[in-house]
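[1] here is a sequence with its predicted model. Questions after.
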Amino acid sequence: MGTIPPSALRRCGIALAALALAATACTPSEEGGAPGGDTASQDAVITIAPETGAEAVAPDTPVTVTAEQGTLTGVTVDQVVPDQPEDQASPFEMTGTLSEDGTSWVADWSLAPGAAVTVTATADNAEGGGTTELVHEFTTADAVEGQRLELSHNFPTSGETVGVGMPITIGFDLPVTEKAAVESALKVVSEQGVAGSWRWLDDKTAVFRPETYWEPYQEVSVEMHLAGVRAAEGVYGVRDHRLTFEVGRELRLNMNVPDHEMVVTVDGEETRTIPVSNGDGTSNFSTTSSGTHVLMERHEKLLMDSDTVELPAGRDGYSTEVQYAVRTSNSGEFLHEASYNSNIGSANTSNGCTNMRMDDAKWIFENTLMGDVLDTTGTDRVKEWHNGWGYWQLSWDEWLAESATGEPQVTDGSNPPGSPFGQPAGDSEEE
């Protein structure tokens, strides 16, 4: 197997359990078996694709290995990308899928663009003992400047601790038309496996959410096997990435607007009741939206400026600095301090935000996480699913229906549905 050396080397390998890789009789040849004589009939015959000596192989060409007259015991793939900085080398060992009878192996992921590739395969001979080895060397085509798919942003970021409602957002710098292939290269793994699915907000943004909220107190990682994936005609991913974050305690906020209070529960136990004042409801703009909200960005100080939103005709403008503001939608709704509002706890008189007293607003600011869930009821304005992180407004079936693969991804460590190798060049998902 070996380890990834401190260089621009992407190494992949498999070792079949309980089978030794040390050769007792090694008979390499161009066909992977000894030529001529009785011995040849006993040696395994290994075939590797792509062919040795091939140049500028499309990066989304799957490496395949087969064995006749024997069973495969190991496959390794070394990939060296010239001049690649060490911090851009893949964090993964590529895996492969072995057939039940041990005679064929297919790489799970695509190859790095612009790489010198060495594939080494070994097999136990069916008769006579010993092993056979075959080595192929070839190069992959580089990604063309201006057609090199990179990440533009992601939420959350590595190392963050988030709430149980946190979606995973991956943004790309170029439009993706081969969405199923890219989806199939994004592997989500959680300590407590759950079904989930990606959904594309547009050609550059994919969002993953589980069928139900994340279980608290666990680690979640996203393995982005993007190097070599064909994202559009002539466009290839150039780097692999890994994102790892923690899901913290389960903190939930529940608010029935007519009651003028917000109830906080942590791991199922009520811990705090906060007096609030919500939107006055005189227009859609000033009505606090009902539905499932996910807490987003936060600001210790924030200027609430009506020039940043579309006010209804006849409503007075405003420009007020507030403290401890936590966003709940992209239409301007926040939980925030509003010491100027004397109606907190007794009447709804805000412009649509949830107003709190200073000590409560500070508590929310300091004790909630991005990804915590706020469930709001009691108004006739329904939160739109695409307003902020309103993705839990959709049922699981509605969410899954817009996945490019059409199948759920289980986060137990198994590979995503579909294939990162996509469709042959020249074909397209869209007409």
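    Nice, thanks for sending it over. Please read these numbers as outputs of a predicted model, since none were measured by experiment.
[2] going by C-alpha atoms from here, please, whenever you check contacts or count neighbours.
    Will do.
[3] show me where the stretch 101-250 of the chain has its helices.
    For the stretch 101-250 of the chain, the helices defined by DSSP state H, counting those that start in this stretch occupy 179-184.
[4] pLDDT wise, what is Gly2 at?
    The model reports Gly2 with a pLDDT of 32.
[5] which helices and strands sit right next to the one helix or strand Val75 maps to?
    Val75 belongs to strand 70-80 when assigned by DSSP states H and E. Judged by 3 or more C-alpha pairs under 8 Å, 6 or more residues apart in numbering; DSSP states H and E, strand 70-80 is in contact with strand 9-15, strand 116-125.
[6] run a quick neighbour tally on Thr120.
    Thr120: 18 surrounding residues under other C-alpha atoms under 10 Å.
[7] my read: it touches Glu133, true?
    Yes: assessed by C-alpha atoms under 8 Å, Thr120 is found in contact with Glu133 at 7.1 Å.
[8] just for the stretch 201-350 of the chain, where's the confidence low?
    313-314 (pLDDT under 70).
[9] the same query, at a cut-off of 90, please.
    Where the stretch 201-350 of the chain drops to pLDDT under 90, the residues are 304-319.
[10] now do the contacts for the nearest residue to Ala195 once chain neighbours are set aside.
    Excluding its sequence neighbours, the residue lying closest to Ala195 (C-alpha to C-alpha, 6 or more residues apart in numbering) is Val410, at 4.4 Å. By C-alpha atoms under 8 Å, 6 or more residues apart in numbering, the contact set of Val410 is Val188, Val189, Gly193, Val194, Ala195, Gly196, Pro416.
[11] ok, and what's touching stretch 140-148?
    Under the criterion C-alpha under 8 Å, 6+ apart, residues 55-59, 111-117, 174, 234-238 lie in contact with stretch 140-148.
[12] take these and keep only those in strands.
    Judged by DSSP state E, strands contain the following of the contacts of stretch 140-148: Ala116, Val117, Val235, Tyr236, Gly237.
[13] the nearest residue to the fourth one once chain neighbours are set aside: how many residues sit nearby?
    Leaving out its chain neighbours, the residue that sits closest to Tyr236 by C-alpha to C-alpha, 6+ apart is Arg230, at 4.5 Å. The number of residues packed around Arg230, counting by other C-alpha under 10 Å, is 32.
[14] Arg230 contacts Ser419, doesn't it?
    No: using C-alpha under 8 Å, Arg230 makes no contact with Ser419, being 11.3 Å away.
[15] spit out the residues that contact these two alike.
    Contacts common to Arg230 and Ser419, judged by C-alpha under 8 Å, 6+ apart, are Ala181.
[16] return the list of strands paired to the strand holding Val75, each annotated with direction.
    When pairing is defined by DSSP bridges, strand 70-80 lines up against strand 9-15 (antiparallel), strand 116-125 (antiparallel).
[17] what sits up against the longest one?
    Contacts of strand 116-125 with the rest of the structure, by C-alpha under 8 Å, 6+ apart, involve 21, 42-44, 46, 48, 65, 67, 69-81, 130-140.
[18] show the buried residues in those residues.
    Buried members of the contacts of strand 116-125, scored by 16 or more other C-alpha atoms under 10 Å, are 42-44, 46, 48, 65, 67, 69-81, 130-140.
[19] for Glu86, see how far away Ser152 is.
    Distance of Ser152 to Glu86, given as C-alpha to C-alpha, to the nearest Å: 20 Å.
[20] which of the residues in stretch 411-425 are buried?
    For stretch 411-425, a neighbour-count test (16+ other C-alpha under 10 Å) marks Thr411, Asn415, Pro416, Pro417, Gly418, Ser419, Pro420, Phe421, Gly422 as buried.
[21] same check on stretch 323-334?
    So stretch 323-334, judged by 16+ other C-alpha under 10 Å, has buried residues Gln323, Tyr324, Ala325, Val326, Arg327, Thr328, Ser329, Ser331, Gly332, Glu333, Phe334.
[22] domain parsing for the protein?
    Per the record, the chain has its domains at 9-139, 148-248+393-410, 251-368, by automatic domain parsing.
[23] and those domains: which comes nearest Thr376?
    For the domains of the chain, proximity to Thr376 was assessed by C-alpha to C-alpha; domain 251-368 is nearest, at 4.7 Å.
[24] sorry, back to before: rank the helices and strands packed on strand 70-80 by pLDDT, which is bottom?
    Lowest mean pLDDT within those: strand 9-15, a mean of 38.
[25] look up phi and psi at the closest residue in space to Leu311 that isn't next to it in sequence.
    Nearest residue to Leu311, sequence neighbours excluded (C-alpha to C-alpha, 6+ apart): Phe285, at 7.1 Å. Note on Phe285: backbone dihedrals following degrees, to the nearest 10 are phi -60, psi -40.
[26] can you pull the contacts of Phe285?
    Here Phe285 is in contact with Leu311, Pro312, Asn351, Gly352 (criterion: C-alpha under 8 Å, 6+ apart).
[27] tell me the one among these nearest to Arg252.
    Using C-alpha to C-alpha, Gly352 is the member of these that sits closest to Arg252, with 20.4 Å.
[28] hang on, the closest one packs against Thr282?
    No: if you go by C-alpha under 8 Å, Gly352 and Thr282 don't touch, sitting 10.0 Å apart.
[29] comparing those two, which residue is more hemmed in?
    For Gly352 and Thr282, the more surrounded residue by other C-alpha under 10 Å is Gly352, and the numbers stand at 25 against 12.
[30] what about the more buried one, distance to Phe285?
    Gly352 is 7 Å from Phe285, where distance means C-alpha to C-alpha.
[31] quote the end-to-end distance of stretch 226-237.
    Stretch 226-237 end-to-end distance (C-alpha to C-alpha) = 5 Å.
[32] same check on stretch 306-317?
    The first and last residues of stretch 306-317 sit 5 Å apart, counting by C-alpha to C-alpha.
[33] name the nearest residue to Thr292, sequence neighbours excluded.
    Distance criterion C-alpha to C-alpha, 6+ apart; nearest residue to Thr292, sequence neighbours excluded, is Asp375 at 4.7 Å.
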